[in-house]
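Student: coordinates for the following, if possible.
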Amino acid sequence: MHVGKSNHDKDDVVPIRSGVTRATTPIGGWVLAPDANDPNKTHATLIIEIDFKGPMPDFAITAAFSMQGMIIDKLRKKLPAFLDKH
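Tutor: Numbering: from 1, shown residues only. Model (predicted):
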């Protein structure tokens, strides 16, 4: 299963500010694959391209990427209710 995402220019929603580095993600998404040995497990791989529009400190990049795994945890909690309805 491939879970894709897209991003569009949000300059009209969040104004450009001095001292704030913006970024775009032209390509990104998750690849979810069942574990061949355990049907109750899934392997998740995040694939993302980020175009920073200015300098970005390493600690900020590390912090942002470390939070990406939390998205899978949120999905895991919401999925049972979704499956019950569908």
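Student: now do the strands in the protein.
Tutor: 2-5, 23-34, 42-52 (DSSP state E).
Student: just put those strands in JSON lines and tack on distance to K85, mean pLDDT and mean neighbour count.
Tutor: Quick note: C-beta positions are derived from backbone N, CA and C, even for glycine. Listed next are the strands of the chain as JSON lines, based on distance: least, C-beta to C-beta, whole Å; pLDDT from 0 to 100; neighbours: other C-beta atoms under 10 Å:
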{"stretch": "strand 2-5", "distance to K85": "18", "mean pLDDT": "53", "mean neighbour count": "10"}
{"stretch": "strand 23-34", "distance to K85": "20", "mean pLDDT": "85", "mean neighbour count": "14"}
{"stretch": "strand 42-52", "distance to K85": "20", "mean pLDDT": "87", "mean neighbour count": "12"}
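Student: dump those into TSV; add distance to K77 as well.
Tutor: Shown next, in TSV, are the strands of the chain (distance: least, C-beta to C-beta, whole Å):
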stretch	distance to K77
strand 2-5	16
strand 23-34	16
strand 42-52	14
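Student: looking at those, which is closest to H86?
Tutor: Closest to H86 of those is strand 2-5 (C-beta to C-beta; 15.7 Å).
Student: which residues touch I47?
Tutor: With contact set as C-beta atoms under 8 Å, 6 or more residues apart in numbering, I47 has these partners: I27, G28, G29, W30, V31.
Student: quick one: the residue sitting furthest away from the middle of the chain and W30, what's the gap?
Tutor: The outermost residue of the chain, judged against the average C-alpha position, is N37 (26.4 Å), by C-alpha atoms, centre = their mean. N37 sits 21 Å away from W30, taking C-beta to C-beta, to the nearest Å as the criterion.
Student: confidence score at the residue farthest from the centre of the chain?
Tutor: At N37, the pLDDT value in this model is 97.
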